[in-house]
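Engineer: Quick one, fold the following:
(2 chains)
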Amino acid sequence: MSAEAAPNDSVIAGLMRRCNVTNLMVDRNADRLIMFNAVAAVVALATGGIFALLIGLTRWEAIHLLEADWYYRITGAHGAAMLIFWILFFEVAGLIFGVSVILNRRLLIPRFWWTAFGLMAVSAVALLALMLSGEATVMFTAYPPLQATSWFYLFFIIFAVGALIAVIAFFIELANARYREQVGPLPLFTFAMLAAAVLALWTLVSGAAAIIPTYLWSVGVIGHIDPGVYRLLFWGFGHGAQQINLVAMVGVWYVLAALTVGARPVNEGVSRFAFLLIILFIHMGAIHHILVDPGFSQLSRAINTSYFIYGATLGSMIHALSIPAAVELAQRRKGFSAGIFTWLQKAPWKEPGFSSLVLSFWLFGVMGGISGVIMGTVQVNMIQHNTLIVPAHFHMTVVAGTTLAFMGLSYYLIPLIFRRDHVFPGMAKVQPYMFALGMTIWGLGTGFAGHAGMSRRHWDSAFGGVPMGTDVFQTWQVDWSLLALGIGALIAATGGAMYVLNAVATVFLGKKTDTPHLPGIDRDALTPADEDAREAAAAGDPHHQRGFEFPGTLILVFAFLVVFMVLYATSWFELSSVSWTIE
Amino acid sequence: MVHTSSPLVAPPRNWWRPAGRDEKLWIGIAGIWSVSMFVMMVIIWPAIGGQQNQIHSYRVDPADFNSYTTAFIEEHQTGELEGVPVVSPPPDTDIFLEASQFQWRPVLELQQGETYRILISSTDVQHGFSLQPDNINFQVLPDFITGLEITPQESGEYTIVCNEFCGLGHHLMVGRIIVVD
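Structural biologist: A predicted model of the protein is given here:
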């Protein structure tokens, strides 16, 4: 048997270090890989954030900052920088964290991970340069037959290959960990990352099927690309990529709840079942983007758009219960058990990890989730497709939800991995609120502008100088909506800049220390389960004799359901008020 | 009370426990709501709604579609608006709308309360049919026809905005449907 270094030998050999805060064993390679991926992610976020501000100040009709050509270039580059680069670099860091650090094991194939990082980093820079140069002004969706330079498709493919290597490396690492019996049942976070990796496989295969033929077409090998088939395959990638985010974000929510208040999933089986529902059904949601395309029967659209009778929605609604319930139980256990909402009142609202969790959870669920289900209704989609409601929806999920959750986690990860103190801890406390406030105002403004019919990816809603111009959008509702869009973008960009400033300052200037000051880690976050208590729970019934186990959470989720029902009904009413009959 | 592991720690091998009563309550109700939304979309609205999104789909060669549109315009043209032909087709017929960078052709003049089957396609890149102010949106692709049976119920001037990015002149692409009594 070859030597599988025990942790202590590894420390002596300089291959691993023991974290003084969490007591976890950290592989040096994993350490550095997480650093590089995290830095790339933050650089992408900062770049995309500058683009976001420029776009916001252009769509705010009163300012209308950019010229048309630059508006379109930057809108495309913004999508790539945020939806792809920021998110994916962070997620690769998450994969490494999930399969190495929290399993206390060394990486088996660090070169795979480095190769993935190298391919992704080089192609990310190349793609942004191409999109800004005007050689690839096709938006991030790149619908053929609108054509970009063939380099664009080539680097797109290289980036995807890099990401695919990372995903495959994750599976190999995990299989190896199981084979060597370094882990039995997976920690829930690692399980979530496994779910994300499963979704990523299908997503990247679908992306390859869309982009590789398009590349061949752009260099003249293939004569013709079917625009309908491209859309089907592209959205298998484009929507799937956001489902990876969803699953990774839910995993991060569980972690944030554990770190900040010591929350443990109420029931491992229920949480894992919810992830399973998402794995099984959520890819069908790719059809959300093509509900008003020719080529599909209404029944096939209905079955797919509903993730087979809302199977994946049910999964998300289970997490929507199980995460606040875990927080409530943890808080009640600590003695904040009076009344229905004392546990929430006494929560650590000043810790950025906790405020990020709550704000991200709230905005994702109420604004992002509900708007997504409504938009994904076959008939209602007619009055929303390609309007500003679409970006309003997915910014609530990917930005206010995923991005904010990732920001919250990095308030812990950055000091622990770089072993430095936060430079601006005070700013960190305010930052999630600032960002969430900006995104809320932006989301409402953009959503209402979309309800008024305004298109996404459109430079001039005033149609100045257009031969057949129209004043259909010259109304006070639209003016106010766009004002909110602009002001929200300014506030959110300020919140984003605060995050980037603190992250960059901490990485380069923070005080070096082996025991960084953190927003506070609950001691329950990293201790194994309490055997006796579990047996007691199984044998008898710690809760069933009294009333509800988590009454506060139940009230919250039922309130959420009522809001959901009201908005859902409203959307049908809105559809019925369209003055045209459409069969 | 602690009977599960932190998400950062591997649970023991015998981690499975039945769900508690509170979880079952929520999962049950969320499940009923999920099925209800499906029934609404697949059974109830198709039975009662006036806006159905039943797309008639056909494949078409862009050059053929261009000649259909041209023939349609020649047969029914009644005028011109900003250089674009205006046509007044009879009710209960197929009417054509062609998208190209950066124009909708022709301008359609329809009669209120009458039904038409509109066939939309593109002769170059992808476009988006966005009828305002009612805010009705459909995707327009080359090689495919997006077909809809439409009945305007109120007279007036409607604007067609292109809402799929189609090139640097995307925001210049505006068309008209005029509904007369």
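Engineer: Next, name the residue at the spatial heart of the chain.
Structural biologist: Assuming you mean chain A. A:Thr402 (3.0 Å; CA atoms, centre = their mean).
Engineer: nope, chain B please
Structural biologist: B:Phe138 (2.5 Å).
Engineer: Now do the phi/psi pair for that one.
Structural biologist: phi -140, psi 150 (degrees, to the nearest 10).
Engineer: That one contacts B:Gln126, doesn't it?
Structural biologist: No - look at B:Phe138 against B:Gln126 with CB atoms under 8 Å: they stay out of range, at 11.6 Å. Where C-beta positions appear, they are placed from N, C-alpha and C, glycine not excepted.
Engineer: thinking the residue nearest to the centre of chain A is in contact with A:Ile87, fair?
Structural biologist: Yes - the criterion here is CB under 8 Å, and A:Thr402 meets it with A:Ile87 at 6.6 Å.
Engineer: What ranges in chain B fall below the confidence cut-off?
Structural biologist: Scanning chain B with the threshold set as pLDDT under 70 gives B:1-3.
Engineer: quick check: domain ranges of it?
Structural biologist: Chain B resolves into domains spanning B:20-49, B:56-180 when parsed by automatic domain parsing.
Engineer: Run the chain-centre distance for the shortest one.
Structural biologist: Distance, stretch centre to chain centre, for domain B:20-49: 25 Å (CA atoms, centre = their mean, to the nearest Å).
Engineer: buried set for it?
Structural biologist: Neighbour counts over domain B:20-49 (16 or more other CB atoms under 10 Å in any protein chain shown) mark B:20, B:22-23, B:25-27, B:30-31, B:33-34, B:37-38, B:40-42, B:45-46, B:49 as buried.
Engineer: ok, and of those residues, which contact chain A?
Structural biologist: Among the buried residues of domain B:20-49, the residues lying close to chain A (CB under 8 Å from any CB of the partner chain) are B:20, B:22-23, B:25-27, B:30-31, B:33-34, B:37-38, B:40-42, B:45-46, B:49.
Engineer: can you map out the helices along chain B?
Structural biologist: Counting by DSSP state H, chain B has helices at residues B:21-39, B:45-48, B:62-76.
Engineer: Turn those helices into CSV, columns for distance to A:Gly372.
Structural biologist: Output for the helices of chain B, formatted as CSV (distance: least, CB to CB, whole Å):
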stretch, distance to A:Gly372
helix B:21-39, 12
helix B:45-48, 19
helix B:62-76, 34
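Engineer: Determine if any part of stretch A:551-569 is in contact with chain B.
Structural biologist: Yes - applying CB under 8 Å from any CB, one finds stretch A:551-569 in contact with chain B at A:Thr553, A:Leu554, A:Val557, A:Phe558, A:Leu561, A:Phe564, A:Met565, A:Tyr568.
Engineer: That stretch - what's its average pLDDT?
Structural biologist: On average, the pLDDT along stretch A:551-569 is 96.
Engineer: What residues of that stretch count as buried?
Structural biologist: Neighbour count says stretch A:551-569 has A:Gly552, A:Thr553, A:Leu554, A:Leu556, A:Val557, A:Phe560, A:Leu561, A:Phe564, A:Tyr568 buried, by 16+ other CB under 10 Å.
Engineer: what's the most distant pair in those?
Structural biologist: By the measure CB to CB, A:Gly552 and A:Tyr568 form the most distant pair in the buried residues of stretch A:551-569, at 24.6 Å.
Engineer: So what touches the helix or strand that contains A:Phe275?
Structural biologist: Assigned by DSSP states H and E, A:Phe275 falls within helix A:268-281. The contact list for helix A:268-281 (CB atoms under 8 Å, 6 or more residues apart in numbering or on different chains) reads A:188, A:191-192, A:195, A:198-199, A:243, A:246-247, A:250, A:254, A:265, A:307-308, A:311-312, A:314-316, A:318-319, A:322, B:4-5, B:11, B:15-19, B:23, B:27.
Engineer: Could you do stretch A:469-482 as well?
Structural biologist: Residues contacting stretch A:469-482 (CB under 8 Å, 6+ apart): A:59-62, A:445-446, A:448-449, A:452-454, A:461-463, B:132-133, B:159, B:161, B:174.
Engineer: gap between that stretch and the chain center?
Structural biologist: For stretch A:469-482, the distance to the chain centre is 32 Å (CA atoms, centre = their mean).
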